[in-house]
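1. Test case, fold it:
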Amino acid sequence: MLRIYGSPRSRAIRTLWMALELGIPYEHDPVAPRAPETRQAAFLALNPNGRVPVIDDDGFVLFESMAINLYLAKKHSSLLYPRDPQHEALAWQWSLWETDRLDRQIVTYANHAMVLPEAERNAATAAAAWQEIVPAFDVLETALGKAAWLAGPEFSVADLNVASALYRGLTMDLARWPRLADWLQRCWSRPAAKQARAMRE
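-> Modelled structure (predicted):
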């Protein structure tokens, strides 16, 4: 059976969302990022980086949430994994793009703009992160002006991977990016997404 390691309040939320989309059975160990458990030998044997999420799929161990989701969608022959080679390539493109352009930046911005206790926030850090987020949001807005979804005519692993990273965007003012805002709501309105969000909240 599939076992998912990682708190829903971490990047593991995207793996949990994927498992729920696929409707596959799984066991869940909600280990938190940087928890003492992540520095123990048993966990480091799964992921020597000491980070979540990690999966153990009947003995096949894999870390990095984007790779995990691409693997799970393809393994289970899900419609979330594009069959067309060009759409498949777009799924890879957007998943890799997100890790470079938004993953760290949006977490940093959210922490220093709203999540951390006010005394621990750094306005300059938030502003610097925002300066990186704006052009990334512009890229998504342009792409979503050409198509309703990121990698083909239907919701796919590409949309799930990027939208999961934009969880904090659900509470942000996205008026400047109406297509992005609409797409994000459509992604997170899916039944599996609502289940994953409930696990986090």
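2. Helix or strand next in line after the helix or strand bottoming out on mean pLDDT in the chain, which one?
-> Least confident helix or strand, the chain: helix 103-110 with a mean of 94, by mean pLDDT, DSSP states H and E. The helix or strand immediately downstream of helix 103-110 is helix 123-146, counting by DSSP states H and E.
3. How about the residue in this structure that sits furthest from its center?
-> residue 119 (28.3 Å; CA atoms, centre = their mean).
4. ok, that one to residue 108 distance?
-> Noted for residue 119: a distance of 17 Å to residue 108, by CB to CB, to the nearest Å. Every residue, glycine included, has its C-beta placed from N, CA and C.
5. for residue 76, same thing?
-> Residue 76 is 34 Å from residue 108, by CB to CB.
6. cool, and residue 131?
-> 11 Å.
7. For those two, work out which one has more neighbours and name it.
-> residue 108 (18 against 11; other CB atoms under 10 Å).
8. Just the pLDDT at the nearest residue to that one once chain neighbours are set aside, thanks.
-> Among residues not flanking residue 108 along the chain, residue 129 sits closest, at 4.2 Å (CB to CB, 6 or more residues apart in numbering). The model reports residue 129 with a pLDDT of 96.
9. so what's residue 129 up against?
-> 105, 106, 108, 109, 112 (CB atoms under 8 Å, 6 or more residues apart in numbering).
10. got it, and residue 21?
-> By CB under 8 Å, 6+ apart, the contact set of residue 21 is 78, 80, 160, 190, 192.
11. Might one say that the second one is in contact with residue 161?
-> Spelled out, that is residue 80. No. In this structure, residue 80 is not within contact of residue 161 by CB atoms under 8 Å, at 10.0 Å.
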